[in-house]
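1. quick one, fold the following:
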Amino acid sequence: MSRGESNLIESRTSRSFGEIFRANAFTRVNGIYLVMLLLILGTGYFIDGLFGLLIIVNSVVGMVQEIRAKRTLDRLALLSKAPARVERAKGVSEIDVEHLVLDDVVLVAAGDQIPVDGEVLDATGFEVDESLLTGESEPVLAGAGYELKSGSFVAAGSASFRATAVGEHAFAARLAKEASEFRKPSSQLRAGIDQILKYVTWALIPVGVLTIVNQIWGHAEDWRNAVRGLVAALVPMVPEGLVLMTSVAMAVGVIRLGRRHCLVQDLPAIEQLARVDVVCTDKTGTLTEDGMRVGAVERLGEADDRIEGALAAIGRAEGKPNASMAAILEHVGDVPALPVHTSIAFSSARKWAAMQTADVATGAVESWVLGAPDVLLAVGDATRTRSDALASEGLRVLALARTASALPDAEADGDGLPDGLVASALVILDQRLRAEAPGAIAYFAQQNVAIKVISGDNAAAVGAIAAEAGVPDGRNAVDARTLDPESAHFDAEVQGRTAFGRVTPTQKRAMVHSLQGDGHVVAMTGDGVNDVLALKDADVGVAMGSGSPAARAVSRIVLLDNSFATLPHVVAEGRRVIGNIERVATLFLTKTLYSILLALLVAVTAVPFPFLPRHVTLIAWFTIGIPAFFLALAPNTARAQEGFVRRVLDAAVPGGIGAALASYGAYLTARAVFGTDHSERVLTSSTGFLALVIVAFFVLITVARPFRPWKVGLVGAMIGGMLVVILTPLGSRVFDVDLHDPRAVLIACAFGATGIAVRFGARAVLRGIYGAVSRRRVRREAEART
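-> Just a heads-up that it's a prediction; the model follows:
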């Protein structure tokens, strides 16, 4: 390791503490606010610099939540890490992957991901799937001398190999560095927020310039008051909390899921969960409990005392037995295995494993095959009929068959069965439905999320478990061997049915692609090597913590407690995050829009800006900042839809127009009623302030719907807090608000009501425009098709 020949690679689940500090402290928003704060401090009106507290709040809140999320992710990632098995001078041991060194002898078996590049030394039925690296869908039979690439995974068998490239020199590390070093996963939400901020920037620059000209050079008043008006106009134009609340909501989502032992391997996965409308799930180990046990071994025909020996030989040939093989090995115990001349490891694509004995003296051979009865036995065979009956009860059934024929050559015809197979026994495995599965299935049904059970097991067994779990029409499972992904009917079958048996790994992936092609957002859950391709290509791959290392490596979310009941909480958390960010974005964008429109109206009509920085700070506290924090963390079960930017602007633009016109109209009316002398500035400003507050609170009320007792309490507390500030002598003096004249209150209320009416009218107009555009687009698409 000291020579740099170790497998150490800088790989982090999150940013370092230094990066978190810099990312939250040195932001564009904080920079703008700092400049504005320095300008205000130069005037000597320190109370108008209250908005400067947002620099500290934005930085501290963002850092605290991200650090909490970082600690959660780092802790869970440590629990999820798969060790490597190595053979060194002291024997075979398990070590962290980072501690592998050049020339180590590494042992791998089915389900393992290849951690470093290497050359195969010894192999038993060893098949490697390199599809994650090369796109080649078929596993490769890898014998001695084969060059393994890190990042591929073992589809079947076991092997030992010598590490030839480690760390940054390994294939997967080099590929990752060339392709996407430090690249963040794509996020529709972040892209939408960036688009909104781009629109805001385009509007902010020209309006800001007009405001500067109007305030500094347009009025022959004290420069200090001009600077105060300038800062009051510019500060609320910046949607300071939008990015912060988005980051906080995401971080809190990670923490909440972490408490449920759910590892989120990339943050946009939470966002994508909110859009999921189809959940595809494996059966074994996902809907059913992890472990299996042999319930019975039904011997067929003449008694044969070699059955246990054959089962032991086939099972012990597996480097890493799957759940079925592990149960069989536990059942046979220390029974001596039959001598093995050659063997073929179990494969999810083949659905069987085999071994061959040979009598050295006579040259006679005998082959034993263990696998799916409907693969080994012909239609109409009595044993197959018996196995189908058992499978329809939800039992997992394997057939043990023998023949005097030799096994096919692995390289020439590794998937071909030997001739003359005769069933010797049926191995009946008990598999119990997870107690929490029916409740989870019922939750998804209530949320209009479709469930599809996709398994490599017998279709009858899949149907029985699916029906027991409560999957709609689950009993009528389809045998996927009748489905061809290239067929014109494949998509219709995938869309219309809910349970599938005898599905190969490539078919699982094809089913995911079919659902995505029909416009669905698909989550795939699984635990085995046969699920890897589908997990990788699904919109959200969810692996069980006890699953294969390869399945965990390609999944975006890992359920470390192996509980299917966690999945509804994962989906609900995604919906909560996205739905609440949309609420919060509406609040902040409304403030930005009315600030820009008000500044534009003031600049065009060449009147002094009506507010002081303390006024806009007060409005931001009670109508946006404090309620937004609580709303961002509230429960929300609505499934997210496409069109985030359009929906946010649809809600924010009418409110912004109504608030700006109400405030500006009340301000101009107050100037006409009370005069334009400097002595009446506080009264005229307070009139416009109150009109703006009325519309802003109405926007808050609409965003907070549907109401719950705590939301009513939140809105009531905000209104009460604002009234305390503006009606008490201390508050009105500190924040420079004067509403002693009833005429000011009447003017403000009248224009506040007008602003609310304008909001409704503007929203109706916008929806009419959207409807017309949508109809025109549909008409053009119809014309293009014809």
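
2. scan the chain for its longest helix.
-> Of all segments of type helix in the chain, defined using DSSP state H, the longest is helix 742-785.

3. after the helix or strand hosting Ile67, which helix or strand is next? Please name it.
-> Ile67 is part of helix 53-80 when elements are defined by DSSP states H and E. Next along the chain after helix 53-80, taking DSSP H and E as the criterion, comes strand 84-88.

4. what is that next one packed up against?
-> Identification of packing neighbours for strand 84-88 by 3 or more CB pairs under 8 Å, 6 or more residues apart in numbering; DSSP states H and E yields strand 91-95, strand 105-109. For the C-beta atoms, the positions are set from N, CA and C on the backbone; glycine is no exception.

5. mind checking the pLDDT average for the first one?
-> Going back to what we said before, that points to strand 91-95. The pLDDT scores in strand 91-95 average 87.

6. cool, and the last one?
-> Strand 105-109 carries an average pLDDT of 89.

7. and that strand, how far out from the chain middle?
-> 32 Å (CA atoms, centre = their mean, to the nearest Å).

8. so what are the sheet partners of that strand and their directions?
-> Note on strand 105-109: by DSSP bridges, its sheet partners are strand 84-88 (antiparallel), strand 153-165 (antiparallel).

9. list the contacts for the nearest residue to Ser348 once chain neighbours are set aside?
-> Nearest residue to Ser348, sequence neighbours excluded (CB to CB, 6 or more residues apart in numbering): Asn530, at 3.4 Å. Counting by CB atoms under 8 Å, 6 or more residues apart in numbering, Asn530 touches 282, 348-349, 456, 504-505, 508.

10. mind listing which of these are in helices?
-> Among those, the members that lie in helices (by DSSP H) are 505, 508.

11. circling back to that earlier point, and the helices and strands packed on strand 84-88, which is most packed in?
-> strand 105-109 (a mean of 21; mean count of other CB atoms under 10 Å).

12. just the CA trace of that strand, in CSV.
-> Provided in CSV are the C-alpha atoms of strand 105-109 (Å, rounded to 0.1, in the frame of the first residue of the first chain):
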residue,chain,number,x,y,z
VAL,A,105,-5.7,-13.4,-5.1
VAL,A,106,-9.4,-12.4,-5.0
LEU,A,107,-12.3,-14.9,-4.6
VAL,A,108,-15.6,-14.1,-6.2
ALA,A,109,-18.9,-15.9,-6.7
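
13. use 158 as the first number from now on
-> Done: numbering now begins at 158, and the last item shifts to strand 262-266.

14. next, the angle from that strand to strand 248-252.
-> Orientation note: strand 262-266 sits at an angle of 70 degrees relative to strand 248-252 (axes from the mean of the first three to the mean of the last three CA atoms, to 10 degrees).

15. who touches strand 262-266?
-> For strand 262-266, the surrounding residues in contact (CB under 8 Å, 6+ apart) are 241-245, 249, 257, 271-273, 275, 278, 311, 314-320, 475-477.

16. weed out the non-buried ones from these.
-> 241-243, 257, 271-273, 275, 278, 311, 314-320, 475-477 (16 or more other CB atoms under 10 Å).

17. tell me where the stretch 608-757 of the chain has strands.
-> With strands called from DSSP state E, counting those that start in this stretch, the stretch 608-757 of the chain shows them at 635-636, 656-658, 679-683, 697-701, 714-716.

18. give the partner strands of the third one in its sheet and their orientations.
-> Same thing as strand 679-683. Partners of strand 679-683 in the sheet, by DSSP bridges, are strand 435-438 (parallel), strand 697-701 (parallel).

19. let me see the mean pLDDT of the last one.
-> Which is strand 697-701. On average, strand 697-701 scores 87.

20. OK, contacts around Phe647?
-> Counting by CB under 8 Å, 6+ apart, the residues that Phe647 touches are 640-641, 667, 671.

21. please report how far it lies from Val492.
-> 45 Å (CB to CB, to the nearest Å).

22. and what of Phe657?
-> Relative to Val492, and taking CB to CB, Phe657 is found at 36 Å.

23. same drill for those two, tell me which one is more crowded.
-> With neighbours defined as other CB atoms under 10 Å, Phe657 and Val492 compare such that Phe657 has more, 27 against 17.

24. shouldn't Leu555 be within a strand?
-> Yes - counting by DSSP: H, G, I helix; E, B strand; the rest coil, Leu555 falls inside a strand.

25. for the nearest residue to it once chain neighbours are set aside, helix, strand, or coil?
-> Of all residues not flanking Leu555 in the chain, Val584 sits nearest, at 4.4 Å (CB to CB, 6+ apart). Secondary structure for Val584, judged by three-state DSSP, is strand.

26. among the contacts of Phe647, the buried ones, what's the PyMOL command?
-> In PyMOL, this line selects whichever of the contacts of Phe647 come out buried by 16+ other CB under 10 Å:
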select buried, resi 640+667+671
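
27. what's the most distant pair in the contacts of Asn687?
-> Asp439 and Ala506 (15.2 Å; CB to CB).

28. what sits closest to Phe846 if chain neighbours are left out?
-> His772 is the one closest to Phe846 (CB to CB, 6+ apart), at 5.4 Å.

29. typo on my end, Thr540
-> Ala580 (4.1 Å).

30. that neighbour pairs with what?
-> Bridge pairing for Ala580 - DSSP bridges - gives Ala558.

31. likewise for Leu264?
-> Taking DSSP bridges as the rule, Leu264 bridges to Arg242, Ser317.

32. point out where the stretch 158-307 of the chain drops to low pLDDT.
-> In the predicted model of the stretch 158-307 of the chain, residues 158-172, 211, 215, 222, 226, 229-238, 288-295 satisfy pLDDT under 70.

33. would you list every one of the helices in the stretch 558-707 of the chain?
-> Applying DSSP state H, counting those that start in this stretch to the stretch 558-707 of the chain gives helices spanning 567-570, 594-603, 616-626, 647-653, 662-674, 689-694, 706-711.

34. list the buried residues in the second one.
-> Neighbour counts over helix 594-603 (16+ other CB under 10 Å) mark 594-595, 597-598, 600-601 as buried.

35. ok and it relative to strand 679-683, angle-wise?
-> Counting by the same axes, to 10 degrees, helix 594-603 lies at 170 degrees to strand 679-683.

36. what's in contact with helix 594-603?
-> By CB under 8 Å, 6+ apart, helix 594-603 touches 436, 444, 607-608, 625-629, 721-722, 724-725, 728.

37. which one of the buried residues of helix 594-603 is nearest to Lys355?
-> Phe601 (36.9 Å).

38. ok, now how distant is Val243 from Val277?
-> The gap separating Val243 from Val277 is 15 Å, by CB to CB.

39. now His488
-> His488 is 32 Å from Val277, by CB to CB.

40. could the contacts of Asn687 be laid out in CSV, adding distance to Leu574 and neighbour count?
-> Formatted as CSV, those follow (distance: CB to CB, whole Å; neighbours: other CB atoms under 10 Å):
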residue, distance to Leu574, neighbour count
Asp439, 25, 28
Ser505, 16, 21
Ala506, 13, 18
Gly613, 17, 24
Thr661, 16, 19
Pro662, 19, 23
Lys665, 23, 28
